[in-house]
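Enquirer: Sequence and predicted structure, then a few things I'm wondering about:
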Amino acid sequence: MVESITVERLADRIDADEQFTLVDTRPTDSYDAWHVRGAENVPYDPSEGLDQQQLDDVSKLADGRSIVAICGKGLTSTPFGLELAENGFEDVSVVSGGMEAWSKVYEVVPIPTDDEDLVVRQVQRRAKGCLGYVVGSRSSGTAVVVDATRQTDQFKVAAQDAGLVIDGVLDTHVHADHISGGSKLADAVGVEYYLGDHAEDRGVEYEFTPLSDGEVIEVGDVTVEALHAPGHTSEMLNYRVGDELLVTGDTLFVDSVGRTELQFGEADAAHGAELLYETLHETILELPADLTVLPGHVAVTSDGRYENGSPGQSISARLGDLGEELALLQLDREAFVDRLRDDAPEKPPNYEDVIAINTGTEDVGTEQEATELELGPNNCAA
């Protein structure tokens, strides 16, 4: 008998270091581009079935352990699992929904604070490394959401579990790697949606309340100050939360800084890098060193590993430590600009379509189309 398991159950088994063999049945190029940590690739075509060599390969990979099969949508892994069972493999499971479902697994992580009134939850989209936030006040019972992904229920539940009601929704910028749920969430709960005032120059067609540099949103007694931080994009805002936290979007990560050519293009990537250098050295690094940086992403490798930290653990860093230790922040202006202009990594898949959707100039389409646009890890770091 072949069992079906959820992606959440798969995540639990991986995190618990259970001994099993995860077999990815997608074509090799899809596997190489992005797969779950620890997965082995055995490409499978149901019309052709498994030959003896493949059966032997699976047997060697499993080495007596249970087998879990995963594919793109759960369509080919099921016949793969059934065929294994027919050939004598006894403990076989398939992942319902496949990699599409895996791309929607979330963890919610409490962020420690010294302010007893301040409540912060980091909402991690595991497979893509997207990080969003619920920032609230215990005394008022209200919160704002920052950088919601399109699975907006994850943020509603995170706020509800913290005893908070969403009173506003903010985006740090027009995202290029994933479809924002900010406007959708704001509409759903009947609150204002905020973007930097420079978003007007990017032709954003959603209704939004513009925030200018230095403007403050009050969440009970908690203050959220908008800081204009151009570089990754022209409208980028960072949000200083009280005297403890800095939500940096794609300006500053725990291991890198934001790339600059996704909006500005290859020809003007140097201009974006100039802006980012000024933002980092004249705005961000001038802030108190003890601020905790909460970034918009964590880098996820093609084999599903977090470059820093682990799923379900806080992804954060002390600003002063980043200023002293992050190699990119040690470069002078010319070297920094050259590095960002000349050594950009592979672009996020479908980023131009994603930007068009996030400015409101194109429709999201169906759920399946949206999911396919977002497949793969984020590639927003330099």
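Expert: Now that the structure is in, tell me what you want to look at.
Enquirer: Compute the distance between residue 6 and residue 97, please.
Expert: 8 Å (Cβ to Cβ, to the nearest Å). C-beta: built from backbone N, CA, C; applies to glycine.
Enquirer: Over to residue 333?
Expert: Counting by Cβ to Cβ, the gap from residue 333 to residue 97 is 47 Å.
Enquirer: if we can go back for a sec, the more surrounded of residue 6 and residue 97?
Expert: Neighbour totals were compared for residue 6 and residue 97, and residue 97 leads with 20 against 13 (other Cβ atoms under 10 Å).
Enquirer: State the number of residues packed around the nearest residue to the more buried one once chain neighbours are set aside.
Expert: Leaving out its chain neighbours, the residue that sits closest to residue 97 by Cβ to Cβ, 6 or more residues apart in numbering is residue 74, at 5.0 Å. Per other Cβ under 10 Å, the neighbour tally for residue 74 reads 19.
Enquirer: just checking, residue 74 touches residue 102?
Expert: No - in this structure residue 74 lies outside contact range of residue 102 using Cβ atoms under 8 Å: 10.2 Å.
Enquirer: Quick check: neighbours shared by the two?
Expert: Overlap of the contact sets of residue 74 and residue 102 (by Cβ atoms under 8 Å, 6 or more residues apart in numbering) consists of residue 95.
Enquirer: pLDDT below threshold where in the chain?
Expert: Low-confidence segments of the chain (pLDDT under 70): none present.
Enquirer: about what we covered before: state whether the residue nearest to residue 97 is indeed within a helix.
Expert: No - assigned with DSSP: H, G, I helix; E, B strand; the rest coil, residue 74 falls outside any helix and is coil.
Enquirer: Next, the contact list for it, please.
Expert: When contacts are counted by Cβ under 8 Å, 6+ apart, residue 74 touches 94-98, 100-101.
Enquirer: Could I get the phi/psi values of residue 141?
Expert: phi 70, psi 20 (degrees, to the nearest 10).
Enquirer: what about it, distance to residue 167?
Expert: Applying Cβ to Cβ to residue 141 and residue 167 gives a distance of 9 Å.
Enquirer: Between those two, which is the more surrounded one?
Expert: A count of neighbours by other Cβ under 10 Å puts residue 167 above the other of residue 141 and residue 167, at 21 against 14.
Enquirer: With adjacent residues omitted, what lies nearest to the more buried one?
Expert: Distances taken as Cβ to Cβ, 6+ apart place residue 142 nearest to residue 167, at 4.1 Å, with adjacent residues excluded.
Enquirer: tell me the SS of the closest residue in space to residue 123 that isn't next to it in sequence?
Expert: Leaving aside its chain neighbours, residue 123 sits nearest to residue 132 (4.5 Å; criterion: Cβ to Cβ, 6+ apart). Of the three states, residue 132 takes strand under three-state DSSP.
Enquirer: For residue 132, which residues are in contact?
Expert: By Cβ under 8 Å, 6+ apart, the contact set of residue 132 is 122-123, 125, 145-149, 155, 296.
Enquirer: redo that, cut-off 10 Å
Expert: Shown in contact with residue 132 (Cβ atoms under 10 Å, 6 or more residues apart in numbering): 106, 108, 121-125, 145-149, 151-152, 154-155, 158, 170-172, 178, 180-182, 185, 247, 294, 296.
Enquirer: quick one, helices of the stretch 251-382 of the chain?
Expert: For the stretch 251-382 of the chain, the helices defined by DSSP state H, counting those that start in this stretch occupy 261-264, 269-282, 319-325, 333-342, 351-359, 367-374.
Enquirer: about what we covered before: would you quantify the distance from the residue nearest to residue 97 to residue 17?
Expert: According to Cβ to Cβ, residue 74 stands 25 Å off from residue 17.
Enquirer: Same check on residue 3?
Expert: 20 Å.
Enquirer: and these two? which has more neighbours close in?
Expert: Legend: neighbour count by other Cβ under 10 Å for residue 3 and residue 17, higher for residue 3 (12 against 7).
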